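Asker: Have a look at this fold, sequence not included:
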């Protein structure tokens with residue numbers, strides 16, 4: 001359970017691009033406030049040229065949508081701008097969220113160009129929430145994706161999120177740690193995230209602890225006496241092999257073992273981690289501590305971790321900070337929010353954005369995403385974006401084709417399908433209860449086990465298939481012909 005009451009936080013309704021409000025005022029002036037519009041959120045490129053991304057942030061999106069409202073100070077602000085009508089100010093006073101919303105559940109592997117959030121409702125409202133939909137999903141999906149890359153590079157060794165002090169702001173630290181846990185980290189150094197999201201808080205000492213005592217050995221002894229059953233000692237303050245490790249072993253011998261405990265580990269935060277970890281492992285084993293873990297930190301990411309392991313590093317656990325919490329190698333998740341349809345007298349009219357850049361051409365219509373799984377292997381074969389009301393018959397072969405190179409076709413047989421988009425709001429009322437964070441993490445791991453290893457490669461991953469149904473492709477093709 002989350003102890004932090006998000007409703008007591010600062011109202012975030014005003015966290016929107018200014019043009020959302022100028023457009024809203026304009027829609028009212030043109031009597032379009034009841035026009036029903038459909039918007040898709042999707043992304044065009046996977047960070048770090050990876051094979052997939054991970055959906056995250058839905059719980060925070062739900063809390064934001066539940067609490068949409070305009071206070072008198074918000075209305076006074078708009079009044080002071082002198083460009084907004086009285087009709088618009090009255091609309092804000094009586095604002096009530098009335099949209100339908102669908103989203104892909106957190107922890108699901110996602111791919112470019114498929115809708116991961118769909119919003120249907122009065123155009124003013126559906127447009128207004130654009131900024132926060134993108135901010136919320138972009139950020140956490142970015143960090144969950146980066147965290148999972150790092151966890152996979154660790155190849156079964158645990159990864160801890162250590163990045164709070166280098167995050168971009170408070171929410172970047174808090175929600176970034178939440179997302180990192182979804183991506184597979186075992187815990188975080190961020191205490192508030194343990195309190196509010198039940199993500200395990202981890203950590204023992206800093207170099208300052210060692211420096212505060214007359215000697216390193218004094219510092220280690222004091223810590224061991226205070227925490228005999230959870231003793232992890234930071235051994236690189238002065239000299240890892242000549243001072244830090246010998247002092248740690250002396251502390252284990254004289255303070256931990258006599259009290260009936262075993263040391264939990266040592267941490268190395270600088271130097272040649274491959275060489276030092278191998279030397280430390282050898283010395284610890286010879287001293288009778290083969291069960292003492294070696295933890296490494298120091299500007300790590302998936303590439304550094306992979307290289308360390310290739311060099312035979314004897315590291316059991318990694319603490320990863322700034323390069324995770326900021327997704328330093330590619331710190332933007334390029335999700336966009338585009339109009340895809342409107343309703344006119346109950347009839348749906350698809351809309352398209354055309355560009356000479358093929359990747360920026362949108363897919364029109366009200367949609368659903370089906371994931372196809374091979375019944376024999378259980379692995380995901382492809383995703384197909386369909387019209388929202390299309391049903392796929394699992395008993396019959398299904399032909400898929402590339403949405404641009406249409407001659408590339410394949411017939412799928414012996415499969416089952418799963419709809420990815422789940423309705424979370426109906427006419428402004430929340431229908432969805434977010435799973436707890438541990439269930440989301442497990443779901444993420446289980447879903448990734450269904451993705452082929454070739455798609456999960458770091459270098460030149462296999463491109464996962466995301467195609468359009470024939471009906472949806474026909475609509476897109478017709479609109480492109482009309483606007484060429």
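Answerer: Sure thing, it's come through. Keep in mind that this is a model prediction, so the values were computed, not measured. Numbering: from 1, shown residues only.
Asker: what's the single longest helix in the chain?
Answerer: When the chain is parsed with DSSP state H, its longest helix is helix 130-153.
Asker: Okay, buried residues for that helix please.
Answerer: Judged by neighbour count (16 or more other C-beta atoms under 10 Å), helix 130-153 contains these buried residues: 130-153. Backbone N, C-alpha and C define where each C-beta goes, glycine included.
Asker: now swap in stretch 450-464 and tell me
Answerer: Under the neighbour-count criterion of 16+ other C-beta under 10 Å, stretch 450-464 has 451-452, 455-456, 461, 464 buried.
Asker: contacts for it?
Answerer: Under the contact criterion C-beta atoms under 8 Å, 6 or more residues apart in numbering, stretch 450-464 has outside partners 48-52, 109, 111, 149, 152-153, 302-303, 306, 373, 378-380, 382-383, 448.
Asker: now swap in stretch 295-304 and tell me
Answerer: Identification of contacts with stretch 295-304 by C-beta under 8 Å, 6+ apart yields 149-150, 152-153, 162, 232, 265-270, 273, 277, 308, 313, 315-324, 328-329, 458.
Asker: From those residues, list just the buried residues.
Answerer: Buried among the contacts of stretch 295-304 (16+ other C-beta under 10 Å): 149-150, 152-153, 162, 232, 265-269, 273, 277, 308, 313, 315-324.
Asker: Now go through the residues you listed and say which are in helices.
Answerer: Using DSSP H, the members of the buried ones among the contacts of stretch 295-304 that fall in helices are 149-150, 152-153, 273, 277, 308, 322-324.
Asker: between those, which is nearest residue 480?
Answerer: Nearest to residue 480 out of those is residue 149 (C-beta to C-beta; 35.5 Å).
Asker: In this structure the closest one contacts residue 52, no?
Answerer: No - Residue 149 is beyond contact range of residue 52, at 10.1 Å (criterion: C-beta atoms under 8 Å).
Asker: now the closest residue to residue 22 other than its chain neighbours: how far from residue 21?
Answerer: Closest residue to residue 22 apart from its sequence neighbours, by C-beta to C-beta, 6 or more residues apart in numbering: residue 83 at 7.5 Å. Distance, residue 83 to residue 21, using C-beta to C-beta, to the nearest Å: 10 Å.
Asker: neighbour-wise, which of these two wins?
Answerer: A count of neighbours by other C-beta atoms under 10 Å puts residue 21 above the other of residue 83 and residue 21, at 21 against 9.
Asker: And whichever strand or helix holds that one, what does it pack against?
Answerer: Counting by DSSP states H and E, the element that carries residue 21 is helix 18-29. On a contact count with 3 or more C-beta pairs under 8 Å, 6 or more residues apart in numbering; DSSP states H and E, helix 18-29 meets helix 86-93, helix 123-128.
Asker: Give the buried subset of the contacts of stretch 450-464 as a ChimeraX selection command.
Answerer: Buried residues among these (16+ other C-beta under 10 Å), as a ChimeraX selection:
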select :48,50,51,52,109,111,149,152,153,302,306,373,380,382,383,448
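Asker: Which pLDDT value goes with the closest residue to residue 204 other than its chain neighbours?
Answerer: Setting aside the residues directly before and after it, residue 204 is nearest to residue 232 in space (C-beta to C-beta, 6+ apart), at 4.4 Å. For residue 232, the model assigns a pLDDT of 98.
Asker: what separates residue 232 from residue 268, distance-wise?
Answerer: On the measure of C-beta to C-beta, residue 232 and residue 268 end up 11 Å apart.
Asker: same check, this time on residue 321
Answerer: In terms of C-beta to C-beta, residue 321 sits 14 Å off from residue 268.
Asker: got it, and residue 218?
Answerer: From residue 218 across to residue 268, the span is 21 Å (C-beta to C-beta).
Asker: Same question for residue 394.
Answerer: Taken as C-beta to C-beta, the span from residue 394 to residue 268 is 53 Å.
Asker: re the thing from before, between the helices and strands packed on helix 18-29, which one is nearest to residue 405?
Answerer: Nearest to residue 405 among the helices and strands packed on helix 18-29 is helix 123-128 (33.1 Å), distances taken as C-beta to C-beta.
Asker: Quick check: mean pLDDT of the closest one?
Answerer: 97.
Asker: Repeat that for stretch 374-393.
Answerer: Mean pLDDT, computed over stretch 374-393, is 97.
Asker: and that stretch, how far from the chain's centre?
Answerer: In terms of C-alpha atoms, centre = their mean, to the nearest Å, the centre of stretch 374-393 is found 24 Å from the chain centre.
Asker: can you pull the buried residues of it?
Answerer: By neighbour count with 16+ other C-beta under 10 Å, stretch 374-393 contains the buried residues 374, 380-388, 392.
Asker: and these, which two are the farthest apart?
Answerer: Maximum pairwise distance in the buried residues of stretch 374-393, criterion C-beta to C-beta, is 25.2 Å, between 374 and 388.
Asker: Could you list the low-confidence segments of this structure?
Answerer: Counting by pLDDT under 70, the chain has low-confidence residues at 1-10.
Asker: According to the record, where do the domains of the protein fall?
Answerer: Domain assignment for the chain, taken from automatic domain parsing, gives 6-142+331-364+418-466+475-482, 204-318.
Asker: State the distance from residue 307 to residue 271.
Answerer: Residue 307 is 15 Å from residue 271, by C-beta to C-beta.
Asker: same thing with residue 31?
Answerer: Taken as C-beta to C-beta, the span from residue 31 to residue 271 is 69 Å.
Asker: between the two, which one's more packed in?
Answerer: Ranked by neighbour count (other C-beta under 10 Å), residue 31 and residue 271 place residue 271 first, with 15 against 9.
Asker: Let me know whether the more buried one touches residue 238 as I believe.
Answerer: No - Residue 271 is beyond contact range of residue 238, at 11.5 Å (criterion: C-beta under 8 Å).
Asker: Tell me the secondary structure of the nearest residue to residue 424 once chain neighbours are set aside, please.
Answerer: In space, residue 424 comes closest to residue 432 once its chain neighbours are excluded; the distance is 3.9 Å by C-beta to C-beta, 6+ apart. Secondary structure, DSSP: H, G, I helix; E, B strand; the rest coil: residue 432 is coil.
Asker: what's the burial count for residue 432?
Answerer: Neighbouring residues of residue 432 were enumerated by other C-beta under 10 Å; the total is 17.
Asker: Likewise for residue 283?
Answerer: Residue 283 sits with 15 neighbouring residues when counted by other C-beta under 10 Å.
Asker: That one should be in a strand, yeah?
Answerer: No - going by three-state DSSP, the assignment for residue 283 is helix, not a strand.
Asker: Surely it is in contact with residue 244?
Answerer: No - at 10.9 Å, residue 283 does not count as touching residue 244 under the criterion of C-beta under 8 Å.
Asker: quick one: which of the contacts of stretch 450-464 sit in helices?
Answerer: 149, 152-153, 302-303, 306, 448.
Asker: How much space separates residue 226 from residue 258?
Answerer: As judged by C-beta to C-beta, residue 226 and residue 258 stand 15 Å apart.
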